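>>> Next one to model:
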Amino acid sequence: MTFDAAVLRSSEGRFSVEEVLLHTGPDADEILVRIAGCGMCRTDLAVRRPDSRSPLPAVLGHEGAGTVVETGGPHTGLATGDHVVLSFDSCGHCPNCQGAAPAYCDSFAELNLFGGRKENAARFTDAAGEGLAPRWFGQSSFAEYALVPARNAVRVDPSLPIELLGPLGCGFLTGAGAVLNSFGAGPHETVAVFGAGAVGLAAIMAATAAGAVTVAVDQYPERLALAERYGAIPLPVTTSDLSARIRRLTDGGAHYALDTTAVPSLINDALWSLRPTGQLGLIARLHTTLPIEPGALDRGRRISHICEGDAVPGLLIPRLIGLWQAGRFPFSELIRTYPLTDINEAERDCQAGRVIKPVVVPRERSR
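As a prediction, this is how the structure comes out:
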């Protein structure tokens, strides 16, 4: 089959919306999904970094959602017409997958970042027959259609606006999961969130829904205003003696801190803002050495990296949808939609901070 997709051919180039070819239908463990919308995540844009090892040309996009149009069979657990949210790929059989920790799959990097399953390499090409990376995060959802492993897909209520649900598969899942899963934050506990972008705001919404007291740190006044709207105490990053101010606001220090910035100075501020035995979770990938200030890890403070919110998508995505329907996780307010043909504008707005969560929406072509 042929369909339109946004192809990125080089790390410094623009996306080009092109006709691509899928040479085979779903294998026994796969489904074909007509994409209704796909969120743009910072991880998609990380392929532009000089040190990226992700293969190009490729169709990116890993926050897809849409309708199943074909399956590999009934054992996929899905049927034609089902509405699904797509999440990250995992092998399903390594110790971490078997232990309900698919975000730490032994094959996570290979399956999600470095070209997908090698056995699928020849079946996805551009119109001239040039190969494209087999699958980005098990999806490649900046496209009209995506062929995905069935284990990546989470069935959702068909009455919901499916075009808006894709970011629940990664960005919003990561922020909310860090608070609800990794930290297990609850009433009367305190969470300091450094960086009020899509992931940070999702964490703030989840912390508020869990009854926690939240402090938000960011450089942009408009994002701090959103954080305050969703229940956080806003603090500009320029606040004098930032960590001491957080300790005062949280009555001796935060139980948990979440860093989404990867800025070493802010990571140290986050550590100093914790009370004894407090926990800092790092979301963003570090690209430089992280110097820890003497004493910052004293008194039982802990630091760890959190991948995909420690989530089992089939459990957390329905939970977040339930909170959204109850008005307690208003993620849809952070979304701005763009036609797939305007994907470069979506990227510019994302990079400039003019939008929290862009979602690209494919337009059907006549066939």
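>>> hmm, which helix or strand of this protein has the shakiest average pLDDT?
The least trusted helix or strand in the chain, going by mean pLDDT, DSSP states H and E, turns out to be helix 42-45, with a mean of 88.
>>> Can you list the buried residues in that helix?
Neighbour counts over helix 42-45 (16 or more other CB atoms under 10 Å) mark R42, T43, D44 as buried. C-beta here means a position set from N, CA and C on the backbone, and glycine is covered the same way.
>>> Likewise for stretch 222-242?
Buried, per 16+ other CB under 10 Å, within stretch 222-242: R223, L224, L226, A227, Y230, G231, A232, I233, P234, L235, V237, L242.
>>> List the contacts of stretch 223-235.
With contacts defined as CB atoms under 8 Å, 6 or more residues apart in numbering, stretch 223-235 is touched by 193, 196-197, 200-201, 204-205, 207-208, 213-218, 236, 242, 245-246, 249, 330, 334, 353, 356.
>>> chain center to it: distance?
Stretch 223-235 sits 21 Å away from the centroid of its parent chain (CA atoms, centre = their mean, to the nearest Å).
>>> that older thread, following the least confident helix or strand of the chain, which helix or strand shows up next?
strand 58-59 (DSSP states H and E).
>>> First-to-last residue distance for stretch 142-155?
From its first residue to its last, stretch 142-155 covers 20 Å (CA to CA, to the nearest Å).
>>> Run the chain-centre distance for it.
On CA atoms, centre = their mean, the centre of stretch 142-155 falls 15 Å from the chain's centre.
>>> One more: stretch 180-198?
The answer for stretch 180-198 is 16 Å, by CA atoms, centre = their mean.
>>> would JSON lines of the buried residues of stretch 222-242 with pLDDT be doable?
Formatted as JSON lines, the buried residues of stretch 222-242 follow (pLDDT from 0 to 100):
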{"residue": "R223", "pLDDT": "96"}
{"residue": "L224", "pLDDT": "97"}
{"residue": "L226", "pLDDT": "97"}
{"residue": "A227", "pLDDT": "98"}
{"residue": "Y230", "pLDDT": "98"}
{"residue": "G231", "pLDDT": "97"}
{"residue": "A232", "pLDDT": "98"}
{"residue": "I233", "pLDDT": "98"}
{"residue": "P234", "pLDDT": "98"}
{"residue": "L235", "pLDDT": "98"}
{"residue": "V237", "pLDDT": "96"}
{"residue": "L242", "pLDDT": "97"}
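>>> which one of those residues is nearest R363?
L226 (29.4 Å; CB to CB).
>>> host element of that closest one?
With DSSP H and E as criterion, L226 is part of helix 221-229.
>>> With just CA atoms, put that helix into PDB.
Provided in PDB are the C-alpha atoms of helix 221-229 (Å, rounded to 0.1, in the frame of the first residue of the first chain):
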ATOM      1  CA  PRO A 221       6.500  33.000  32.800                       C
ATOM      2  CA  GLU A 222       3.700  31.600  30.600                       C
ATOM      3  CA  ARG A 223       4.700  28.000  31.600                       C
ATOM      4  CA  LEU A 224       4.900  28.900  35.200                       C
ATOM      5  CA  ALA A 225       1.400  30.300  34.900                       C
ATOM      6  CA  LEU A 226       0.200  27.000  33.500                       C
ATOM      7  CA  ALA A 227       1.900  25.100  36.300                       C
ATOM      8  CA  GLU A 228       0.100  27.300  38.800                       C
ATOM      9  CA  ARG A 229      -3.200  26.700  37.000                       C
END
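>>> Just the contacts of stretch 223-235: which are in strands?
V193, V213, T214, V215, A216, V217, D218, P236 (DSSP state E).
>>> Relative to A352, how far out is the last one?
Between P236 and A352 the distance is 19 Å, computed by CB to CB, to the nearest Å.
>>> I'm done for today, thanks for sticking with me.
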